[in-house]
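Engineer: Show me how the following folds:
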Amino acid sequence: MGDPRRVGIVTQLRRDDGEPPYLVRWLDTGGESLVFPGPDARVEEPRAGGPAVAR
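Structural biologist: As a prediction, the model looks like this:
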């Protein structure tokens with residue numbers, strides 16, 4: 001069935017062109033990890049100066 005849905009904040013882009021990997025701080029644990037989003041991931045653009053969100 002796959003992993004449960006997680007929500008995190010993209011805290012850092014690792015490439016100048018904005019492509020993955022992204023450093024993400026997970027809201028459920030507060031931990032950070034380097035993420036290469038898969039085909040079922042959703043990365044939202046920041047809203048009005050807010051952070052980008054990875055789902």
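Engineer: Can you point out the helix or strand that includes residue 15?
Structural biologist: Per DSSP states H and E: residue 15 is located in neither a helix nor a strand.
Engineer: show me what contacts it?
Structural biologist: residue 21 (Cβ atoms under 8 Å, 6 or more residues apart in numbering). All C-beta spots, glycine's among them, are computed from the backbone N, C-alpha and C.
Engineer: how about a cut-off of 10 Å?
Structural biologist: 21-22 (Cβ atoms under 10 Å, 6 or more residues apart in numbering).
Engineer: ok, what's across the strand from the closest residue to residue 13 other than its chain neighbours?
Structural biologist: Of all residues not flanking residue 13 in the chain, residue 22 sits nearest, at 6.2 Å (Cβ to Cβ, 6 or more residues apart in numbering). Beta-bridge pairing for residue 22 (DSSP bridges): residue 13, residue 35.
Engineer: Just the pLDDT at residue 22, thanks.
Structural biologist: For residue 22, the pLDDT comes out at 95.
Engineer: Let me know how buried it is, in neighbour terms.
Structural biologist: 22 (other Cβ atoms under 10 Å).
Engineer: Ok, residue 10 next?
Structural biologist: Neighbour count for residue 10, taken as other Cβ under 10 Å: 19.
Engineer: Could you measure from it over to residue 23?
Structural biologist: 7 Å (Cβ to Cβ, to the nearest Å).
Engineer: ok, now residue 31?
Structural biologist: Relative to residue 23, residue 31 is positioned 11 Å away (Cβ to Cβ).
Engineer: can you list residues touching both of those two?
Structural biologist: Taking Cβ under 10 Å, 6+ apart as the criterion, residue 31 and residue 23 both touch residue 8.
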